[in-house]
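Enquirer: Fold the following, please.
(2 chains)
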Amino acid sequence: MSPEGTAFALLHPDVARWVWEQGWTELRSTQTEAFAPILAGEVDVIISAATASGKTEAAYLPICSALTTTGPTSGISVLYVSPLKALINDQFDRLDRLCEHLEIPVHRWHGDVPGTQKAKLLDDPSGMLLITPESLEALFVLRGARIGALLGGLRYVVVDELHSFLGTERGAQLQSLVHRVELAVRRRVPRIALSATLGDMALAAEFLRPGAGKDVRLIVADDDAGQVRLQVRGYRTTPPRLDGASLRAALEAGDEVTSEDTAEGNELAIAGHLFETLRGSDNLIFANTRSEVEIFADLLTRRSEQAKVPNEFFAHHGSLSKDLREDVETRLKDRTRPVNAVCTSTLEMGIDIGDVRSIAQIGAPPSVATTRQRLGRSGRRGDPAVLRCYISEPEISARTSPPDALRAELVQTVAMVNLLLERWYEPPARGELHLSTLVQQLLSLIAQHGGVRPAEAYSALCGNGPFANVSSGRFAGLLRALGAGEVIAQAADGLLLLDVAGEQIVNHYSFYAAFSTPQEWRLVSGGRQLGTLPVSDRQPLRPGSLMIFAGRRWRIVGVDPGPRVVDLVAAPGGRPPRFGGTGALVHDRVRQEMLAVYRDGSVPAYLDATAAELLSEGRRHFACYGLDDRAVIDDGLESYVFPWAGDRVLHTIAAALTAEGLDVSGAGLALAVIGAATVEISALLGDLARRPAPDPVVLAAAVANKTVEKYDDLLPDELRAAGYAARTFDCPGAWEFLRRFVVS
DNA sequence: GACCTGCTGCGGAATG
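Expert: Predicted structure coming up:
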């Protein structure tokens, strides 16, 4: 097809000429479908299509066409909101090339953009503005009185990488900001969203336009049925050559300790296979933690040194400095030299890094959705996507716990691979209250207007806004608690104002982000910034100790608690520091698929010999424990409950049993109970099943620390419990397990 | 033992 089709004819001649000049021989189906509704400027649109399928153009060609047709108007015409600064920089370059022909100014606004550029835009606002949610928040707080004029001529709001916002605090913030934009300009503005991995389109539509998701036009490309080649490789854990006392003795004797001495045998074997298989081409190696990224980047670098070949393996994660990360990203874009990035989810989305030969995954994937996103990084241009998973399981001894004996890590990987091949993936979390973000938005609203009436605030945020599931009673309780904490105060005329504590919170730049981050120390060597490290009390930094960071080995020479700076010099060995953090929740469907894998006798063709052995060991233990028809077992020391359900159900049952006085802790796919026999636990589970499912908020009362999100500590107790329950528990799911338990 | 994302204005020094 030539681009003169009907859809093409809709574009303004200047935009059509640009398309022509690009030498495109045809338009994609998403593009032809998107033109008419976006040009009309009446409906909201979601475009869901694979990476590099032209979905950005599907949005921008009609938007630019609409702007060109009407000519320049005062103020900003298009607000493009992106979750990443790097993505804004990428898009800015692409859009600028299109828009300079059309005389549409393009601006970017995020934390790395100089203040002079921002000041210039405020003097003469026009065209398209590419911005992060946090910078948009800052505009509301710092220039609230000007927002209406700045955005008065707004035609479109574009949200990129929509999936990254669904079900998160940052997503609630985005919904609130977009809603507040419409309140400021006193009219509805069409919302255009882009994504490559949306599982549930109805859910995404309801997120984009709360209350009217069914009116959102959905444009979905079905052309990404690419082939996948995969292998799951199994490894048996063996202890490092030097550990504990022998390592301390070697260090005290001044012996040279290398990474090979402190790495586990399976880590050495995995690094060996990665080195042999991946060297010479471009690949992404995903690990589940920043610590593991450091271990493997270091082991692979040392292999390169020993083989006397140039190093092609580089670490990339969120705690590394911008310099180091951009260096790796530049190498990935450079097609002349092969490069392998060892990374966390930092390279999962965003910047275009070109073609990648294969994906390696060390440890069980955190979720099916992230695995899909990671896999999308490889196998473009008709090549199959390649995924290799490296799974380690411990040697079995008399002290091995049932989850380890069941080879849960391997079986979870098999389950997730099966679901990936079925093209299923986890839907985003729903039903959460995001009360911490409601506090933030309330304070921001007060700052924007210099004061706000309680009824207006409720209407803006909860009534018609994104926090619609917060009742007026709960909102009033929230206002009282914030008043008691001197966060807000009420003037004699009823106006809500910021109080002392509120002023302090809002007047610091850290206010603009909805999510919380720990205090961090800066790691520096010879004046060069290497990155940052959250330092816990459990792991104090001592001068003299060794560490691995940025894929290299260091010794700490100085610790300055004032500016929180750690000085490092190159050293021979060490282990990476602990970074802390919380993992992702495992979904119900994954645990159900795990149960199916245990019950099944077939061995998937994608397992290597060791992985196949580990799977049969897991199935043997599953049979030995009698788990096919028993949910409660014991190994002589502890008892275990297997609900074969996701982490929310596990958390709910754990809280219910804790409330009954049992000592319960999480043990991966099961719950471990100390000091109670299986008959006792079974009787208790049966007893709980006969009661009605409890109010989750009442159940949350038994949990000691419910402060998770940024402003949770400002909430009244009842609301903190409600937010925690909505985030953590699944009472209907838990009681479904309990009732099945009684019947069987 | 467990991911990631983001942020302002000002003062002072160095440079063109």
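Enquirer: Next, whichever residue of the stretch 401-550 of chain A sits closest to DNA strand B: phi, psi?
Expert: Going by CB to the nearest atom of the strand, DNA strand B is nearest to A:Ala513 of the stretch 401-550 of chain A, at 3.5 Å. Glycine gets a C-beta too; all of them are placed from N, C-alpha and C. In terms of degrees, to the nearest 10, the main-chain angles of A:Ala513 are phi -90, psi 140.
Enquirer: buried stuff in the helix or strand where A:Leu251 lies?
Expert: If you go by DSSP states H and E, A:Leu251 is part of helix A:244-252. For helix A:244-252, burial by neighbour count (16 or more other CB atoms under 10 Å) applies to A:Leu247, A:Ala250, A:Leu251.
Enquirer: Quick check: the first one touching A:Thr258?
Expert: No: with contact defined as CB atoms under 8 Å, A:Leu247 does not reach A:Thr258; the gap is 11.5 Å.
Enquirer: The nearest residue to A:Glu305 once chain neighbours are set aside: neighbour count?
Expert: Among residues not flanking A:Glu305 along the chain, A:Asn311 sits closest, at 7.2 Å (CB to CB, 6 or more residues apart in numbering). Using other CB atoms under 10 Å, the number of residues around A:Asn311 comes to 17.
Enquirer: Repeat that for A:Ser48.
Expert: 24.
Enquirer: For it, list the residues it contacts.
Expert: A:Ser48 sits next to A:Lys55, A:Ser195, A:Ala196, A:Leu198, A:Met201, A:Ala204, A:Leu218, A:Ile219, A:Val220, A:Ala221 when contact means CB atoms under 8 Å, 6 or more residues apart in numbering.
Enquirer: now do A:Gly618
Expert: So A:Gly618 contacts A:Ala405, A:Leu406, A:Arg407, A:Ala408, A:Leu410, A:Val411, A:Tyr598 (CB under 8 Å, 6+ apart).
Enquirer: ok, now A:Leu495?
Expert: A:Gly451, A:Val452, A:Arg453.
Enquirer: Give me the below-cutoff pLDDT ranges for chain A.
Expert: A:1-5, A:51-52, A:222-225, A:350, A:379-381, A:535-540, A:573, A:578-583, A:744 (pLDDT under 70).
Enquirer: What residue spans form the domains of it?
Expert: Domain segmentation of chain A under automatic domain parsing yields A:3-220, A:228-421, A:435-512, A:520-565, A:629-743.
Enquirer: can you list those domains in CSV and add distance to A:Pro428?
Expert: What follows is those, written out as CSV (distance: least, CB to CB, whole Å):
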stretch, distance to A:Pro428
domain A:3-220, 3
domain A:228-421, 9
domain A:435-512, 14
domain A:520-565, 26
domain A:629-743, 13
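Enquirer: Mind checking these for the one nearest to A:His621?
Expert: domain A:228-421 (4.3 Å; CB to CB).
Enquirer: Any idea how far the closest one is from the middle of the chain?
Expert: 19 Å (CA atoms, centre = their mean, to the nearest Å).
Enquirer: Can you get me the start-to-end distance on it?
Expert: Using CA to CA, to the nearest Å, the end-to-end distance of domain A:228-421 comes to 8 Å.
Enquirer: Which of the helices or strands spans A:Glu633?
Expert: Residue A:633: Ile, not Glu. Counting by DSSP H and E, the element that carries A:Ile633 is strand A:632-634.
Enquirer: How about the residues of the stretch 251-400 of chain A by DNA strand B?
Expert: A:288-292, A:317-319, A:344-346, A:366, A:370 (CB under 7 Å from any atom of the strand).
Enquirer: whoops, the stretch 101-250 of chain A was the one
Expert: A:His110, A:Gly111, A:Asp112, A:Gly115, A:Lys118, A:Thr132, A:Glu134, A:Ser135, A:Ala138, A:Leu142, A:Thr168, A:Arg170.
Enquirer: List only buried entries from those.
Expert: A:His110, A:Lys118, A:Thr132, A:Glu134, A:Ser135, A:Ala138, A:Thr168, A:Arg170.
Enquirer: Sort out for me which of the residues you listed are in strands.
Expert: Nothing among those maps onto strands, per DSSP state E.
Enquirer: which two in these are spaced the farthest apart?
Expert: Of all pairs in these, the most separated under CB to CB is A:Lys118 and A:Thr168 at 26.6 Å.
Enquirer: Now do the contacts for the spatially most central residue of chain A.
Expert: Centroid-nearest residue in chain A, with CA atoms, centre = their mean: A:Ser164, separated by 6.7 Å. By CB under 8 Å, 6+ apart, the contact list for A:Ser164 reads A:Pro83, A:Met349.
Enquirer: helix, strand or coil for it?
Expert: Using DSSP: H, G, I helix; E, B strand; the rest coil, the structure places A:Ser164 in helix.
Enquirer: Wait, a strand at A:Val386?
Expert: Yes: according to three-state DSSP, A:Val386 belongs to a strand.
Enquirer: ok, what's across the strand from it?
Expert: A:Val386 forms beta bridges with A:Arg229, as assigned by DSSP bridges.
Enquirer: pretty sure it is touching A:Ser358, no?
Expert: Yes: using CB under 8 Å, A:Val386 is in contact with A:Ser358, at 3.7 Å.
Enquirer: Sort out which of the contacts of A:Gly618 are buried, if you could.
Expert: A:Ala405, A:Leu406, A:Arg407, A:Ala408, A:Leu410, A:Val411, A:Tyr598.
Enquirer: Among those residues, which ones are in helices?
Expert: Among the buried ones among the contacts of A:Gly618, the ones falling in helices (DSSP state H) are A:Ala405, A:Ala408, A:Leu410, A:Val411, A:Tyr598.
Enquirer: Give me the distance between the residue nearest to the centre of chain A and A:Ala704.
Expert: According to CB to CB, to the nearest Å, A:Ser164 and A:Ala704 sit 32 Å apart.
Enquirer: which of the contacts of A:Ser48 lies closest to DNA strand B?
Expert: A:Ser195 (15.1 Å).
Enquirer: so what's the closest one up against?
Expert: A:Ile46, A:Ile47, A:Ser48, A:Glu161, A:Leu162, A:His163, A:Ala204.
Enquirer: Can you list the residue ranges for strands in the stretch 1-150 of chain A?
Expert: A:45-48, A:75-81, A:106-109, A:126-131 (DSSP state E, counting those that start in this stretch).
Enquirer: packing partners for the longest one?
Expert: What it means is strand A:75-81. Counting contacts by 3 or more CB pairs under 8 Å, 6 or more residues apart in numbering; DSSP states H and E, strand A:75-81 packs against helix A:55-70, strand A:126-131, helix A:133-142, helix A:147-151, strand A:156-159, helix A:169-185.
Enquirer: try 7 Å this time
Expert: strand A:126-131, helix A:147-151, strand A:156-159 (3 or more CB pairs under 7 Å, 6 or more residues apart in numbering; DSSP states H and E).
Enquirer: got the contact list for the residue nearest to A:Gly450 when sequence neighbours are not counted?
Expert: The shortest distance from A:Gly450 to any non-neighbouring residue, by CB to CB, 6+ apart, is to A:Gly144 (7.4 Å). By CB atoms under 7 Å, 6 or more residues apart in numbering, the contact set of A:Gly144 is A:Ala447, A:Gln448, A:His449.
Enquirer: In contact with the residue in the stretch 201-350 of chain A that DNA strand B sits nearest to, which residues?
Expert: Proximity of the stretch 201-350 of chain A to DNA strand B (CB to the nearest atom of the strand) peaks at A:Gly318, 2.5 Å away. A:Gly318 sits next to A:Thr344, A:Thr346 when contact means CB under 7 Å, 6+ apart.
Enquirer: my guess is it is in a strand, correct?
Expert: No: under three-state DSSP, A:Gly318 falls outside any strand and is assigned coil.
Enquirer: Can you give me the distance of it to A:Gly531?
Expert: Going from A:Gly318 to A:Gly531 by CB to CB gives 9 Å.
Enquirer: And A:Ala212, by the same measure?
Expert: 44 Å.
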